[in-house]
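S.K.: sequence-free structure coming up:
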């Protein structure tokens with residue numbers, strides 16, 4: 001049985017796929033690829049079927065990340081019944097948390113929802129857990145998103161490791 005993570009933003013073309021593929025790479029580098037499945041979705045269907053935004057791909061490439069599927073990414077919408085299939089839903093911003101909470105069917109579903117940046121101790125200490133949508137900006141906005149995701153990855157991996165240990169003990 002795998003631990004399943006779904007990263008969610010608005011359209012699934014910028015923030016959530018960037019986080020998905022950075023997290024997939026981090027999971028693989030940590031030797032957890034056999035135990036953890038990572039994917040992404042949007043709260044909206046308006047971008048469904050579209051490729052990852054070209055600036056998202058360019059940012060990943062500029063930082064030397066290997067293509068673990070981002071070249072074939074297609075946007076999709078997070079559906080309420082997906083809560084049954086995932087263990088952790090990582091929202092990019094507060095608005096996505098609100099939408100996901102509305103789609104949740106139970107307290108167990110609600111407990112799965114976290115902000116990406118809630119795993120970054122610096123962001124937590126600053127009280128700044130939202131992630132601005134880079135779609136409206138240029139390269140610096142995508143670099144900011146990249147930095148925010150990278151800062152959260154160690155905390156996400158620590159959380160995943162703890163959950164895997166807990167599942168083994170259960």
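M.R.: Sure, I can see it. Given the structure is predicted, the values throughout are model-derived calculations rather than measurements. Numbers count the residues shown, from 1 in each chain.

S.K.: and the helices in the chain?
M.R.: Counting by DSSP state H, the chain has helices at residues 15-29, 54-62, 94-103, 107-111, 121-126, 139-169.

S.K.: how much space between the nearest residue to residue 46 once chain neighbours are set aside and residue 31?
M.R.: With sequence-adjacent residues excluded and distances taken as C-beta to C-beta, 6 or more residues apart in numbering, residue 46 is closest to residue 11, at 6.0 Å. All C-beta spots, glycine's among them, are computed from the backbone N, C-alpha and C. As for residue 11, its distance to residue 31 is 32 Å (criterion: C-beta to C-beta, to the nearest Å).

S.K.: okay, the two: which has more neighbours?
M.R.: residue 11 (22 against 8; other C-beta atoms under 10 Å).

S.K.: residue 135 is in contact with the more buried one, correct?
M.R.: Yes: using C-beta atoms under 8 Å, residue 11 is in contact with residue 135, at 7.5 Å.

S.K.: run through the protein and note the low-pLDDT ranges.
M.R.: 170 (pLDDT under 70).

S.K.: can you rerun that using 80?
M.R.: 1, 169-170 (pLDDT under 80).

S.K.: about what we covered before: make JSON lines from the helices of the chain and add mean neighbour count to it.
M.R.: Output for these, formatted as JSON lines (neighbours: other C-beta atoms under 10 Å):
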{"stretch": "helix 15-29", "mean neighbour count": "24"}
{"stretch": "helix 54-62", "mean neighbour count": "17"}
{"stretch": "helix 94-103", "mean neighbour count": "17"}
{"stretch": "helix 107-111", "mean neighbour count": "12"}
{"stretch": "helix 121-126", "mean neighbour count": "13"}
{"stretch": "helix 139-169", "mean neighbour count": "16"}
